[in-house]
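> Next input, structure requested:
(chains A, B, C and D)
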2 protein chains.
Amino acid sequence: MSLRHALLGLLAGGPGSGYDLLRKFEISLANVWPATQSQVYTELSRLAATGLIEVTAEGPRGRKEYAITDEGRAELRHWVLEVPPQQRRRNDLLLRVFFLDTVDPAEAREFLLRSRDQVAELRDGLRKVRESVDWGDDSLSVYGTLALEWGLRYATMHVEWAEWAIGRLPGK
Amino acid sequence: MSLRHALLGLLAGGPGSGYDLLRKFEISLANVWPATQSQVYTELSRLAATGLIEVTAEGPRGRKEYAITDEGRAELRHWVLEVPPQQRRRNDLLLRVFFLDTVDPAEAREFLLRSRDQVAELRDGLRKVRESVDWGDDSLSVYGTLALEWGLRYATMHVEWAEWAIGRLPGK
DNA sequence: TGTGTCATGTAACTGGTTACATGATTCT
DNA sequence: AGAATCATGTAACCAGTTACATGACACA
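All right, here's what the predicted structure looks like:
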C-alpha cells in the first residue's frame, strides 16, 4: 500500500489539497508511482480518518487543505527505512520476450526494435528534464536527481540490451 | 491482465496441469511474473471456459491436464506482438528515494547500501543460474537467455547507481 | 500408519482503474 | 455568456494476495 506513503511523502514537503497533490503526481511521480484522481481523494479521506493527516483549511469550491501530522511523519519514516522494498517486480515486456519463440524471428526482431525505440524516447525525455530543471543543492533536488539518474541509467541499459538481443536472434 | 497470457505462453510449450504450471512459475517466471496458487487455478478455469485452453486428460487426484487451443495461440500472438507493453512501472524503492530528504543523510546512506547489497545478491543468483544451466541453441533457450541477461544488466546497473548515489549524498 | 507431495478449489480482502456525476470559480 | 479550470466524490469492476479447506496417492 504505497499510495498512502506517496501522499504522506508529498505532504511532508508542505500542505496541499487533493487537487494540488494530483498535479504533483503527474509532474514528479508519474514514472515512479502513478495515481488516479479517484484514488487520491479516497486515500486522503482514509488518511484523515486514521489521523495520519488532517484538514488544516477549507477554501472555495469545497477545497480542503491537508497537512501531515506527527503520527503521519512517524509512519512515513517507518515505511521508508524499515519496510523492505519489493524485490520481485512484474515486467510484462520481459514476459513477452520469454514467449518470443512462438512468433517468427523477423517478428521478434521488430518487437525488440520497437521496444528499443520506445525506451530511447523515454531516455531523451528524461535528459531534457535534467537539462531544463535547474538543480540547486537543496535536499529535495539532491534526491530528485538520484531518482532521475536511475531512470536514465535504466533506459540506457534497456536500449543497449535490446541492441545486443537483436544481434543474438536466430537467423531465418 | 497478463497472468492469462503467461499461462497461455507456458501451455504453448506443451500441455500441463495447474500444478505443473505453478512449478514453472516458480522456476522460470518468478522474477518476471510471479503468480500464486489460487490465481493459477481460477485463471485456468476461466481460460477453459472461454475456449482459449481445453482439458485434454484427467489423471489421479483430480488432476486435469490443459492444452492451448488455436484460439488460445491466436490470443497469445496478439498479446505478444500487438498489445503495447506497460511503460509506466511502479517502483516503491525509487519512491522511497524521493522521500529520503525526510530522514537524515546517515540513514539515507544506510538505505542505499542495503539496497545495493540486496540487488548484488540477486545478481549473484542470476549469474549462478547462467553458469549452471547448459544453454543449448534451441529457441526456448535463446529467449530465456535474453531475459536472464536483461536481469543481469539491470542488477549491475542498480548496484553501480547505488554506489554513485552514495557518493552524492550531502555530508553530515 | 503416517508423512510428504500432488492436486484442486473457494472466500475475504486489498489496491488500482475506469467511468460517472456534480458543481463552483475565474477568465475572456 | 461560455469555456476552462478548480475541486471533490462514489460505484462498478479487475487483478492479485492471504488464508482456509479438502483429499488422494506414494513411499518409508
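> where along chain A do the helices fall?
Listed in chain order, the helices found in chain A under DSSP state H are A:3-12, A:18-28, A:37-49, A:70-82, A:92-98, A:105-132, A:139-168.
> so what are the domain limits for chain A?
Chain A is divided into the following domains under automatic domain parsing: A:3-82, A:92-168.
> could I get the ones you listed as JSON lines with mean neighbour count?
C-betas here are computed from N, CA, C, even on glycine. As requested, the domains of chain A are arranged in JSON lines below (neighbours: other CB atoms under 10 Å in any protein chain shown):
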{"stretch": "domain A:3-82", "mean neighbour count": "17"}
{"stretch": "domain A:92-168", "mean neighbour count": "17"}
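> Any idea which of those domains has the lowest pLDDT on average?
With a mean of 93, domain A:92-168 has the lowest mean pLDDT of these.
> That domain close to chain B?
Yes. Using CB under 8 Å from any CB of the partner chain, we find that domain A:92-168 touches chain B at A:92-103, A:107-108, A:111, A:115, A:118, A:122, A:137, A:139-140, A:142-147, A:149-150, A:153-154, A:157-158, A:160-161, A:164-165, A:168.
> which ones are touching residue A:2?
By CB atoms under 8 Å, 6 or more residues apart in numbering or on different chains, the contact list for residue A:2 reads A:33, A:79, B:90, B:92, B:95.
> please redo it, this time with the cut-off set to 6 Å
Taking CB atoms under 6 Å, 6 or more residues apart in numbering or on different chains as the criterion, residue A:2 is in contact with residue B:92.
> Grab the most central residue of chain A for me.
Taking CA atoms, centre = their mean as the criterion, residue A:32 is the residue nearest the geometric centre of chain A, at 0.8 Å.
> Am I right that it is in contact with residue B:91?
Yes. Using CB atoms under 6 Å as the test, residue A:32 is close enough to residue B:91 to be in contact (5.5 Å).
> Count the residues that sit near the residue of chain A at minimum distance from DNA strand C.
Distances between chain A and DNA strand C by CB to the nearest atom of the strand are smallest at residue A:1, namely 2.6 Å. A count of neighbours around residue A:1, defined by other CB atoms under 10 Å in any protein chain shown, yields 8.
> measure it to residue A:44 for me?
14 Å (CB to CB, to the nearest Å).
> So which of the helices of chain A is nearest residue B:27?
Distances from residue B:27 to each of those were compared using CB to CB; the shortest belongs to helix A:92-98, at 12.2 Å.
> just checking, what packs against the closest one?
Contacts of helix A:92-98 with other secondary structure elements, assessed using 3 or more CB pairs under 6 Å, 6 or more residues apart in numbering or on different chains; DSSP states H and E, are made with helix B:139-167.
> The helix it packs on near chain A anywhere?
Yes. Looking at helix B:139-167 against chain A by CB under 6 Å from any CB of the partner chain, the contacts come from B:139-140, B:143, B:146-147, B:150, B:153, B:157, B:161, B:165.
> Next, format those residues as CSV and append distance to residue B:8.
Formatted as CSV, the entries for these read as follows, by distance: CB to CB, whole Å:
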residue, distance to residue B:8
B:139, 17
B:140, 15
B:143, 15
B:146, 20
B:147, 17
B:150, 21
B:153, 27
B:157, 31
B:161, 35
B:165, 40
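> nearest to residue B:21, of these?
residue B:140 (15.7 Å).
> Please name the nearest non-neighbouring residue to residue A:160.
Distances taken as CB to CB, 6 or more residues apart in numbering or on different chains place residue B:153 nearest to residue A:160, at 7.5 Å, with adjacent residues excluded.
> again with residue A:43
residue A:3 (5.5 Å).
> what's the answer for residue A:100, then?
For residue A:100, ignoring the flanking residues on the chain, the nearest one in space by CB to CB, 6+ apart is residue A:108 at 4.3 Å.
> One more: residue A:79?
residue A:5 is the one closest to residue A:79 (CB to CB, 6+ apart), at 4.7 Å.
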